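Enquirer: Take a look and give me a structure for this.
(one chain, ligands or ions: 1)
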Amino acid sequence: MGGVARNPRDEALATGTLAGLPNAHFIDGAWVAPSAGRMMDSVDPGNGKVFARFASGDAADIDKAVASARKAFAGEWRRMVPAGRGRILAQAAALLRAQAERFAVAETLDSGKRLLEARGDVAGAARAFEYYAGACDKMQGDSIPLGPDYLAYTTLEPVGVAAQIVPWNYPISTLARGVAPALAVGNCVVAKPAEQTPMTALMLAELLHAAGLPAGVFNVVTGTGKDAGAPLVAHPDINHITFTGSVATGQSVMRAAAANVTRLVLELGGKSPLVVLDDADLDAAVDGVLGGIYENAGQICSAASRLIVDRRVHAAMLERLVARVAKMRLGHGLGDADMGPLISPEQRNRVAGFVDRARARGVSVACGGHAAADPETGLGWFYEPTILDALKPDDEAVTEEIFGPVLAVQIADDADHAVALANFTRYALVAGVYTSDFARAHRLAAAIDAGQVYINEYFAGGIETPFGGNRHSGFGREKGLEALRSYAKLKSVAARIG
Ligand code: NAD
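Expert: Next comes the predicted model:
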């Protein structure tokens, strides 16, 4: 190609990677080599090949990053007028849009997800910066009426240094939805992306500084949960933790936070129900189910992993779903397939284990149910889109998060039964309801325990709509204006003036 600039997708298709990907931590506004000199491989799940190396961080790197964030919190960032923070976040959104394709291709290489979806994630991340850019100068308190002899008011202050622990399934969008409100309130951040998908967090750090963020305000340390994540959440100079990941790790993060009484938002797993009542528009419901469970090969905390369908429309729904699934093509994320790979061989084995055990129990496997490969190369960690039919409420395919392209179908006798089934698992992240009766829709929205309910369009809403879970799905809310509260300390001041 002799010096001719290629677009990022063509470059990745031709070379299997992108030139110039970051391979160090980003601390105090600069690239910093790992203290112990150790590196890790980044693997493309679509073909199992190493496409980049990155720094394997440890407690010494975390100490540096937290110290840099603490210093920055006391500096220029703290003195900047709120509208100045807003201008930087707006500029970050603009730069992210300008570089969107490179970010999306890096995300596809790292996570395996389809480029179409990665583009959507990057656009969503840009929206997060744009949305919270407008919030910086609107963090207003209240005045409190105590009568003529007193003046009382509240102020909202940044909490200080906020840690972000990010999972591998939505790397850039999960990070952006945490970092943008944290910065909008005036905090500094240390982020630890998942070891499977570190690239876009590092690229974002560089971009934020190009947008004008002072050095040290946003730092990224890459590496494993054990070596880099654990020392970050246990660090006494961290004032807030946003953890997105599995329940078991969330519980250990909560224990670490307890030692320092650190504020905490936990975004954990889910086993979210999509309820289809007998009067639903079945075509819309089929679209909702397919997008809800097969996007990102089902590796979505808020996946529609359970279809709870009224007995009267069960056969019709299943027939339509199976017909649509039969047409789905698997393939590398950079191609034009309908579904990409799973993140790792371990994850694929885990998914296969659930399906194999279900089959052995005599569960009906309506379609799919086997490991697969990219039909073009024979490589990659794919699994067929799968439907398990007519499951009992206590079946492990219903109660456990599979985190793969496996839909668990449950049959309900009526709307009340559907609610009882929906609320039966220990998770309560999101839920979907499909019905043409709006009164019923809102009665179900009230009766189902979930942080977010989608009516007649699964995943309806965006950065504006608060998101988070109840029970084992965690606590605290991200997105929307609600997210700003996590990153602010409210102070009330009362003065005698008369
Ligand atoms: P995970 O818990 O294994 O890892 C998540 C992150 O935590 C990674 O960055 C990892 O390195 C880090 N980590 C691991 N051990 C740690 C420790 N002891 N201390 C601090 N950090 C540590 O989860 P995963 O397998 O990467 O992600 C899948 C899980 O995440 C699923 O259960 C999914 O439902 C959940 N998830 C939830 C949401 C949500 O918003 N609720 C979003 C995405 C994913």
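Enquirer: Is stretch 192-204 in proximity to the ligand?
Expert: Yes. Judged by CB under 6 Å from any ligand atom, stretch 192-204 comes into contact with the ligand through 192, 194-195. From N, CA and C alone the C-beta is placed, and that goes for glycine too.
Enquirer: Highest neighbour count among those residues?
Expert: K192 (30 neighbours; other CB atoms under 10 Å).
Enquirer: Please verify my assumption that that one contacts A228.
Expert: Yes. At 5.3 Å, K192 and A228 qualify as touching, with contact defined as CB atoms under 8 Å.
Enquirer: Could you tell me which residues touch both of these two?
Expert: 57, 62, 221-222 (CB atoms under 8 Å, 6 or more residues apart in numbering).
Enquirer: Now do the contacts for the residue of the chain found nearest the ligand.
Expert: Nearest residue of the chain to the ligand: G225, at 2.0 Å (CB to the nearest ligand atom). By CB under 8 Å, 6+ apart, the residues touching G225 are 165, 192, 194-195, 249.
Enquirer: Quick check: it vs G57, distance?
Expert: Distance, G225 to G57, using CB to CB, to the nearest Å: 11 Å.
Enquirer: intersection of neighbour lists for these two?
Expert: What both G225 and G57 touch, as defined by CB under 8 Å, 6+ apart, is the set K192.
Enquirer: With adjacent residues omitted, what lies nearest to D279?
Expert: Nearest residue to D279, sequence neighbours excluded (CB to CB, 6 or more residues apart in numbering): S436, at 4.8 Å.
Enquirer: which ones are touching that neighbour?
Expert: So, once contact is read as CB under 8 Å, 6+ apart, S436 ends up touching 279-281.
Enquirer: Give the buried subset of these as a PyMOL selection command.
Expert: Listed next is the PyMOL selection for buried residues among the contacts of S436, using 16 or more other CB atoms under 10 Å:
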select buried, resi 280
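Enquirer: Export the contacts of S436 as CSV, with columns for pLDDT.
Expert: Shown next, in CSV, are the contacts of S436 (pLDDT from 0 to 100):
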residue, pLDDT
D279, 98
A280, 98
D281, 98
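Enquirer: Secondary structure and distance to R127 added to the contacts of S436, as CSV?
Expert: Listed next are those as CSV, based on DSSP: H, G, I helix; E, B strand; the rest coil; distance: CB to CB, whole Å:
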residue, secondary structure, distance to R127
D279, coil, 34
A280, coil, 30
D281, coil, 28
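Enquirer: Among the residues of stretch 192-204 next to the ligand, name the ones in strands.
Expert: Cross-referencing the residues of stretch 192-204 next to the ligand against strands under DSSP state E gives K192.
Enquirer: need the residues of stretch 192-204 next to the ligand in CSV with pLDDT, can you?
Expert: Below are the residues of stretch 192-204 next to the ligand laid out as CSV (pLDDT from 0 to 100):
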residue, pLDDT
K192, 98
A194, 98
E195, 98
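Enquirer: And stretch 373-386, what's buried?
Expert: Neighbour-count burial for stretch 373-386 [16+ other CB under 10 Å]: 373-374, 379-386.
Enquirer: what's the next secondary structure element after the helix or strand harbouring R9?
Expert: In this assignment (DSSP states H and E), R9 forms part of helix 8-15. Under the assignment DSSP H and E, the closest C-terminal helix or strand after helix 8-15 is strand 25-27.
Enquirer: Which elements pack onto that next one?
Expert: strand 30-32, helix 59-73, helix 199-210, strand 218-220 (3 or more CB pairs under 8 Å, 6 or more residues apart in numbering; DSSP states H and E).
Enquirer: What is the lengthiest helix in the chain packed up against?
Expert: Determined from DSSP state H, the single longest helix within the chain is helix 115-133. If you count contacts as 3+ CB pairs under 8 Å, 6+ apart, helix 115-133 packs onto helix 82-98, helix 100-111, helix 171-185.
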